[in-house]
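Chemist: no sequence on this one, just coordinates:
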C-alpha cells in the first residue's frame, strides 16, 4: 500500500510538473474562408479567399501551387466544420485559436467564423480562444495591380471612445465565454499594429490611462482585467508598449525578406535563424515575449498570374505586397526543429512565457497553414504534437 501511495505521488508530481512547464500552444486563425456581406460587396457575390487558392499558379520549377486542401474548400463559419477543426487541433497539441478580428469603428467583418462557427461548435470546450485585433486598414490585397495604389475598403482609426465601444462588444459576445483564454488572470487580447494604436491614442501615458478605465469597466461587469499583448518586432518597441500598459509582446511572423535570393526565393533555414535571433533580442526587454514560430511564407495566391516571376523589387530592394519573396525548403522536420527551439526558449527565458504562438492554422494564401494538405497531410500538426504533446492529457 505504501509503495502504491509513493508511486501515485510520483505520478501526480510528474503531471503537475508537466502542467506547470508546458506552454500553451496558440495558433493564429485567419477567418476568411466563408462568404460574408462585405466580401460580396467588395469583390463578388459569395467571394472568399478560396478563389485565390484555386487560381494560384506555380512560379518556378518545384513550386507547390496550387495547394490542395485535404478537406476541400469548406466553410469555417459552419459549426460542423469548425468541430472537425477543433478536434484536429486539440488532438495534436493546440490549446488556443487566436482569431484575427476585424473592427473598424463599429464595423465588423469576418466575425462569422468565430460567432457562428467556433462558438456554436458542439465540442468548443476542447479549445480556448482569444482575439487579435487586426487593426490595419482593410485594403484590396487580393490580386491587385502591381505598382498601383490599393483600394482602401475600411480605414483604421483609434480613440478611447471607440476602444470602449469595442470592449463593450467583446464583453457582450466573447469575454464571458468560459473558454476565453486568460493569461495570469487577465483576458488575453492582442493588437496587431500596436505602435500605430498607441500613437493614435495619444501616446503611452494616455493609452495606459485608457487601459485603467477599461479594467474598471471590466471590474464593474464582474470580469477579470485585460492582458494586453502587443505585436512588435524589437526591444525598443517593447519598452514603449510597457509604458503604454501592455503586459506582453509577440510578433505575427518572422521573415528575412532582405536576404531573398536573386531568384526571389528565401530558404527556410535563414528564416529559422531569424527566429532564433529575434527571440534572443526580445529577451533583453522587460516585457515577457511569447515566441512565434512561422510556418513559412508564400503569398503568391494573392498575386495576379500575369505578373512575371521573380517579382520585381523597388529601388530600395524591397518587395511590394503581396508580390513578395517565396520561402522554400519548408519541411515538417525543419518546422519541428524550430518548434523545439521555441520550447527551449520558453524553458530558458527568466520571464517565463506562457505560450508559443504558431502562425498559422489556416492562412493558405500566405503559405502559413497547419490544416492537412495533399503534399504533407497532417505532418506539420504531428510535429506540434511531438514537441508539446496533448495538453488535455495533463489537465
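Modeler: Okay, I see it. For clarity, every value in this text was computed on a predicted model and none was experimentally measured.
Chemist: list the contacts for residue 171?
Modeler: For residue 171, the contacting residues are 217, 218, 221, 223, by CB atoms under 8 Å, 6 or more residues apart in numbering. Bear in mind the C-beta positions are built from the backbone N, C-alpha and C, glycine included.
Chemist: if we go to 6 Å?
Modeler: Shown in contact with residue 171 (CB atoms under 6 Å, 6 or more residues apart in numbering): residue 221.
Chemist: where does this structure dip in pLDDT?
Modeler: 1-20, 257, 392-395 (pLDDT under 70).
Chemist: how about stretch 193-201: buried residues?
Modeler: 193, 194, 195, 197, 198, 200, 201 (16 or more other CB atoms under 10 Å).
Chemist: next one: stretch 72-81
Modeler: 74, 75, 76, 77, 78, 79, 81.
Chemist: mind listing the residues bridging to residue 25?
Modeler: residue 356 (DSSP bridges).
Chemist: I figured it hits residue 389, correct?
Modeler: No. Counting by CB atoms under 6 Å, residue 25 stays clear of residue 389, with 9.6 Å between them.
Chemist: which residues are common contacts for the two?
Modeler: In contact with both residue 25 and residue 389: residue 93, using CB under 6 Å, 6+ apart.
Chemist: which of the two has more neighbours?
Modeler: A count of neighbours by other CB atoms under 10 Å puts residue 25 above the other of residue 25 and residue 389, at 26 against 15.
Chemist: one step back: can you pick out the most distant pair from the buried residues of stretch 72-81?
Modeler: 74 and 79 (11.9 Å; CB to CB).
Chemist: got a list of what the closest residue to residue 371 other than its chain neighbours touches?
Modeler: Nearest non-adjacent residue to residue 371, counting by CB to CB, 6 or more residues apart in numbering: residue 362, 5.5 Å away. Counting by CB under 6 Å, 6+ apart, residue 362 touches 30, 369, 371.
Chemist: looks like residue 151 contacts residue 140 (just checking).
Modeler: Yes. Look at residue 151 against residue 140 with CB under 6 Å: they come within range, at 4.3 Å.
Chemist: what are the ranges of the strands in the stretch 51-200 of the chain?
Modeler: Along the stretch 51-200 of the chain, the stretches classed as strands by DSSP state E, counting those that start in this stretch are 96-104, 107-109, 128-133, 138-139, 152-154, 182-183, 186-191.
Chemist: contacts for the fourth one, please.
Modeler: Okay, so that is strand 138-139. By CB under 6 Å, 6+ apart, strand 138-139 touches 150, 152, 153, 154.
Chemist: what about the second one, how many residues nearby?
Modeler: So that's residue 152. The burial count for residue 152: 11, using other CB under 10 Å.
Chemist: now render the buried residues of stretch 193-201 as CSV, adding distance to residue 67.
Modeler: Shown next, in CSV, are the buried residues of stretch 193-201 (distance: CB to CB, whole Å):
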residue, distance to residue 67
193, 28
194, 31
195, 33
197, 33
198, 37
200, 37
201, 39
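Chemist: farthest pair within the residues you listed?
Modeler: 193 and 201 (11.9 Å).
Chemist: and the residue lying closest to residue 387 once chain neighbours are set aside, what element?
Modeler: Nearest residue to residue 387, sequence neighbours excluded (CB to CB, 6+ apart): residue 339, at 4.4 Å. Residue 339 is part of helix 332-348, with elements assigned from DSSP states H and E.
Chemist: now do the helices in the stretch 151-300 of the chain.
Modeler: 160-170, 194-200, 204-220, 235-244, 268-282 (DSSP state H, counting those that start in this stretch).
Chemist: any chance of these in TSV, plus distance to residue 145?
Modeler: Shown next, in TSV, are these (distance: least, CB to CB, whole Å):
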stretch	distance to residue 145
helix 160-170	32
helix 194-200	26
helix 204-220	37
helix 235-244	33
helix 268-282	29
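Chemist: which among these is found nearest to residue 348?
Modeler: Ranking the helices of the stretch 151-300 of the chain by distance to residue 348, with CB to CB as the measure, places helix 268-282 first at 9.7 Å.
Chemist: neighbours of residue 274, just the number please.
Modeler: Neighbours of residue 274 (other CB under 10 Å): 18.
Chemist: ah, wrong one, I meant residue 62
Modeler: Neighbour number of residue 62 under other CB under 10 Å is 7.
Chemist: any idea how far residue 153 lies from residue 43?
Modeler: Applying CB to CB, to the nearest Å, the value for residue 153 to residue 43 is 10 Å.
Chemist: for residue 140, list the residues it contacts.
Modeler: 150, 151.
Chemist: list phi and psi for it.
Modeler: The phi/psi pair for residue 140 (degrees, to the nearest 10) reads phi -80, psi 90.
Chemist: same question, residue 146
Modeler: For residue 146, the backbone dihedrals are phi -60, psi 130 (criterion: degrees, to the nearest 10).
Chemist: shouldn't it be in contact with residue 307?
Modeler: Yes. Residue 146 is within contact range of residue 307, at 5.3 Å (criterion: CB under 6 Å).
Chemist: quick revisit: distance to residue 288 added to the contacts of strand 138-139, as CSV?
Modeler: Formatted as CSV, the contacts of strand 138-139 follow (distance: CB to CB, whole Å):
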residue, distance to residue 288
150, 35
152, 35
153, 35
154, 32
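Chemist: just the buried members of these?
Modeler: If you count burial by 16+ other CB under 10 Å, the buried members of those come out as 153, 154.
Chemist: closest to residue 213 out of the buried residues of stretch 72-81?
Modeler: Distance to residue 213 across the buried residues of stretch 72-81 (CB to CB) is lowest for residue 77, with 33.7 Å.
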